[in-house]
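[1] have a look; sequence and predicted model below, questions after that.
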Amino acid sequence: MPGAARRLPCRPFPRKIRPPTACCNAATASVSSVESRAQIAMLPRLRPRHFYDLVIEVAIVRPGPIQGDMVHPYLRRRQGLEPVDYSSDGVRRVLERTLGIPIFQEQVIELAMVAAGFTAGEADQLRRAMAAWKRRGGLGHFEEKLINGMLARGHDHDFAQRVFKQIQGFGEYGFPESHAASFALLVYISAWLKRHEPAAFYAGLLNSLPMGFYSPSQLVQDARRHDIEVRGVDVTASHWDHTLETPAAPAARSRFHTRPQPALRLGLRRIKGLGEAVAARLVAARGQMPFRDAADLARRAALSRQELEFLARAGALAASYRSHRYQAHWDVAGIEDRPALRAVAGGNLRLPPTWRCRHRAKPRR
């Protein structure tokens, strides 16, 4: 609500963070880092229950793990459909947290050193090759050294080939674990806000556009699906930004949020073609005295014909003056014509020569 900002509580995160329900049932449209179609499709299969599950969720839907055939084996092991085995204690130490599947770049580096005997310098070259993706020829020139190193340390050939294929997938782009953990924290915070403060969440998203996968209209539709009262743009109530307002009546209980929510008032920034300076003039004039009608609005806010048409086309005048959007458009069209008609009636308007010629009455025959 303008002028009545409320600070949201900021509590320290518990040691064991349990992801919000939205992360399990894939209601994550507009939630940072898990809003794409691929991430939304993965969530019901992964069903994250702990914070580290979100870290894996962020990292596993990437070209590297997908190309390296890591996604399905990890899901089968997570669901208990495939046994988890390790070829050595060293490999277990590196891959145990991801059920024997290398999902992060750090694991690939460690695996090369533990399983294939790479030195720190050689592992760093492998890291650089992964970071460059295919610009430097990919990871193919590491194949012989990786496979021979694993065979020399007692790993079987199938294991060596499988690990190299997984490592090779990181040439298509994979996430570092630290990067994924940072993104997972954003996922948690965004999902928490969407669950507990959805009206403020959608207002913040709309005010931050353009960003993300979703258009303003999609976000507004998603807000309505989550039982948020959305009020249209209105020259008598809207500011430049989208704001929160007191609901007209106590909100009914909703399964989508944990407490009653304010209404979301769409801002003037939603109107295509209308600049922030124009909105500032409008809000300043409204603050001095309410507008009587569209003509009063045009005069006191110094709006051009085009700016009035932008407002009428967006329906920002219809709600205020009890008219249909198309009627508001006709009302706006008449505002500029009245002085012109008065000038014509008084003989004070001099028309351009081209206009006079084009509209000169034809003589009767």
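    Yep, it's here.
[2] ok, which stretches of the stretch 251-365 of the chain are strands?
    Along the stretch 251-365 of the chain, the stretches classed as strands by DSSP state E, counting those that start in this stretch are 263-265.
[3] for it, what are the low-confidence residue spans?
    251-252, 318-365 (pLDDT under 70).
[4] could I get the pLDDT score of residue 75?
    You'll see residue 75 listed with a pLDDT of 94.
[5] what's the spacing between the nearest residue in space to it that is not next to it in sequence and residue 74?
    Of all residues not flanking residue 75 in the chain, residue 45 sits nearest, at 5.7 Å (CB to CB, 6 or more residues apart in numbering). In short, each C-beta sits where N, CA and C put it, glycine included. Per CB to CB, to the nearest Å, residue 45 is found 10 Å from residue 74.
[6] for residue 50, same thing?
    In terms of CB to CB, residue 50 sits 15 Å off from residue 74.
[7] count of neighbours near the residue nearest to residue 75?
    13 (other CB atoms under 10 Å).
[8] swap in residue 236?
    With other CB under 10 Å as criterion, residue 236 counts 14.
[9] start at 468, not 1
    Okay, using 468 as the starting number, the last item reads as residue 703.
[10] sec struct for it, please.
    coil (DSSP: H, G, I helix; E, B strand; the rest coil).
[11] can you pull the pLDDT of it?
    On the pLDDT scale, residue 703 gets 91.
[12] and if you look at residue 566?
    Taking residue 566 on its own, its pLDDT is 93.
[13] ok, residue 517 and residue 541, which is more surrounded?
    Of the pair residue 517 and residue 541, residue 541 is the one with more neighbours under other CB under 10 Å, namely 22 against 12.
[14] quickly find the element holding that one.
    helix 538-545 (DSSP states H and E).
[15] what packs against that helix?
    helix 504-513, helix 518-527 (3 or more CB pairs under 8 Å, 6 or more residues apart in numbering; DSSP states H and E).
[16] tell me which of those helices sits most buried.
    Per residue and on average, the most neighbours among the helices and strands packed on helix 538-545 fall to helix 518-527, with a mean of 23 (mean count of other CB atoms under 10 Å).
[17] how far off centre is that one?
    18 Å (CA atoms, centre = their mean, to the nearest Å).
[18] same question for stretch 767-775.
    33 Å.
[19] so what pLDDT did the spatially most central residue of the chain get?
    Nearest residue to the geometric centre of the chain (CA atoms, centre = their mean): residue 679, 3.2 Å. What the model reports for residue 679 is a pLDDT of 70.
[20] from residue 581, how far out is it?
    39 Å.
[21] test my guess that residue 554 contacts residue 626.
    Yes - at 5.3 Å, residue 554 counts as touching residue 626 under the criterion of CB atoms under 8 Å.
[22] compute the first-to-last residue distance for stretch 629-646.
    25 Å (CA to CA, to the nearest Å).
[23] ok, residues contacting it?
    522, 525-526, 529-537, 568-575, 578-579, 582, 593, 596-597, 600-601, 605-607, 609-610, 613-614, 617, 622, 650 (CB atoms under 8 Å, 6 or more residues apart in numbering).
[24] flag every buried residue along that stretch.
    By neighbour count on 16 or more other CB atoms under 10 Å, the buried set for stretch 629-646 is 630-631, 633-644, 646.
[25] ok, the residues you listed vs residue 784, which is closest?
    Residue 784 has its nearest neighbour among these in residue 646, at 48.1 Å by CB to CB.
[26] ok so, going back, now the helix holding residue 541, how far from the centre of its chain.
    28 Å.
[27] now for the helix or strand just after it, which elements pack on it?
    Later in the chain than helix 538-545, the nearest helix or strand by DSSP H and E is helix 556-562. Helix 556-562 sits against helix 572-583, with contacts defined as 3+ CB pairs under 8 Å, 6+ apart.
[28] would you mind writing the CA trace of the helix it packs on as CSV?
    In CSV, the C-alpha atoms belonging to helix 572-583 read as follows (Å, rounded to 0.1, in the frame of the first residue of the first chain):
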residue,chain,number,x,y,z
GLN,A,572,32.0,-29.6,-11.9
GLU,A,573,33.9,-30.0,-8.6
GLN,A,574,33.1,-33.7,-8.6
VAL,A,575,34.5,-34.1,-12.0
ILE,A,576,37.8,-32.5,-10.9
GLU,A,577,38.0,-34.7,-7.8
LEU,A,578,37.0,-37.8,-9.7
ALA,A,579,39.8,-37.2,-12.3
MET,A,580,42.4,-37.0,-9.4
VAL,A,581,41.0,-39.8,-7.3
ALA,A,582,40.0,-42.4,-10.0
ALA,A,583,42.4,-41.5,-12.9
